[in-house]
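>>> Okay, predicted coordinates and the sequence, questions at the end:
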Amino acid sequence: MNDYLGKRSFRINALDYTLIVLLSFMTIVSISVLFEDISFGISEAIDYIVDITFIAVFAFPIYKIIMGRITQKKAQTLALIMYQNPDSAMTITEVQQSYISKTGKVAVTESAMEAMLIRLIDKYYLKNMNYDIASHNLISLIEKAPTASFITVICKNCGAQNRIIKGDIQVCQSCGNPLN
Ligand SMILES: [Zn+2]
C-alpha cells in the first residue's frame, strides 16, 4: 500500500470501461447519422452542426476518461519513486531520472516534471508529498522508516550484537567499548 497515492488514483476502472463501451457505441451511431445526412445531401448547415455536436458530446467523455487513466499511470509511477526513495527529499533531477528509467520517456524535461508534480499533488492524484519550487525538491510528508538506516554491529571487544543507526558513533551496550 503506497501512502503517496491520492484519492483520484483509485477510481474504479470497471465503470470507466463500461462507459467507454457505451460512449463508443453512441459515437459510432452519431458518425453514421452524419454520413447518412451527407449521403442524402441535406444542405442545411444546422443539420451538420447538430450531428457534429452529438459526436463531440459522446466522444469528449471518452477522451476525458483516457486522459484520466494516463494521469493515474503517471501518479502511480511518481508515488512509487517517492516510496522507493530512502530519503525524505528528492531533487527534481533525481525524480526526473527515476521517472525516465521507469517509463523510458526520455523527452520529459525537468520543468515538465515540475509542472506534472505540482498538478498531480494539486488535483489529489498524489498526497503526502510537497513540491518546493524554491529549492526544486520533492519532499515526503511521511517519515521514512527508520529501520532502513539501522545496522547490526558486532562488538570487537565482547562479541555482543548492537543495533545502531548507520553513521552514528556509539558504544557497545554490553561492555561500553566504542563501536566503529
Ligand atoms: Zn562489547
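Sure, I can see it.
>>> Buried residues of the longest helix along the chain, list them for me.
If you go by DSSP state H, the chain has its longest helix at helix 45-84. Buried residues in helix 45-84, counting neighbours by 16 or more other CB atoms under 10 Å, are found at 51, 54-55, 58-59, 61-62, 65, 71-72, 74-76, 78-82. Every C-beta, even on glycine, is put in place using the N, C-alpha and C of the backbone.
>>> Quick one: residues contacting the spatially most central residue of the chain.
With distances taken as CA atoms, centre = their mean, residue 75 lies nearest the centre of the chain, 1.0 Å away. Going by CB atoms under 8 Å, 6 or more residues apart in numbering, residue 75 touches 5, 6, 8, 9, 120, 125, 126.
>>> now these as JSON lines including distance to the ion, neighbour count and pLDDT?
Formatted as JSON lines, these follow (distance: CB to the ion, whole Å; neighbours: other CB atoms under 10 Å; pLDDT from 0 to 100):
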{"residue": "5", "distance to the ion": "45", "neighbour count": "21", "pLDDT": "92"}
{"residue": "6", "distance to the ion": "48", "neighbour count": "19", "pLDDT": "92"}
{"residue": "8", "distance to the ion": "53", "neighbour count": "16", "pLDDT": "87"}
{"residue": "9", "distance to the ion": "49", "neighbour count": "21", "pLDDT": "87"}
{"residue": "120", "distance to the ion": "50", "neighbour count": "23", "pLDDT": "97"}
{"residue": "125", "distance to the ion": "51", "neighbour count": "24", "pLDDT": "95"}
{"residue": "126", "distance to the ion": "46", "neighbour count": "28", "pLDDT": "96"}
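>>> Need the max-distance pair from the residues you listed.
Farthest pair in the contacts of residue 75 (CB to CB) is 5 and 120. Separation: 10.2 Å.
>>> Mind listing the shared neighbours of these two?
With CB under 8 Å, 6+ apart, residue 5 and residue 120 have common neighbours 75, 126.
>>> need the residues of this protein near the ion, please.
By CB under 5 Å from the ion, the part of the chain that sits against the ion consists of 155, 157, 158, 160, 172, 174, 175, 177.
>>> Which of those residues has the largest number of neighbours?
Highest neighbour count within the residues of the chain next to the ion: residue 172, with 20 neighbours (other CB atoms under 10 Å).
>>> by how many degrees do the helix or strand hosting residue 33 and helix 45-84 diverge?
Residue 33 belongs to helix 13-40 when assigned by DSSP states H and E. Interaxial angle of helix 13-40 relative to helix 45-84 (axes from the mean of the first three to the mean of the last three CA atoms, to 10 degrees): 160 degrees.
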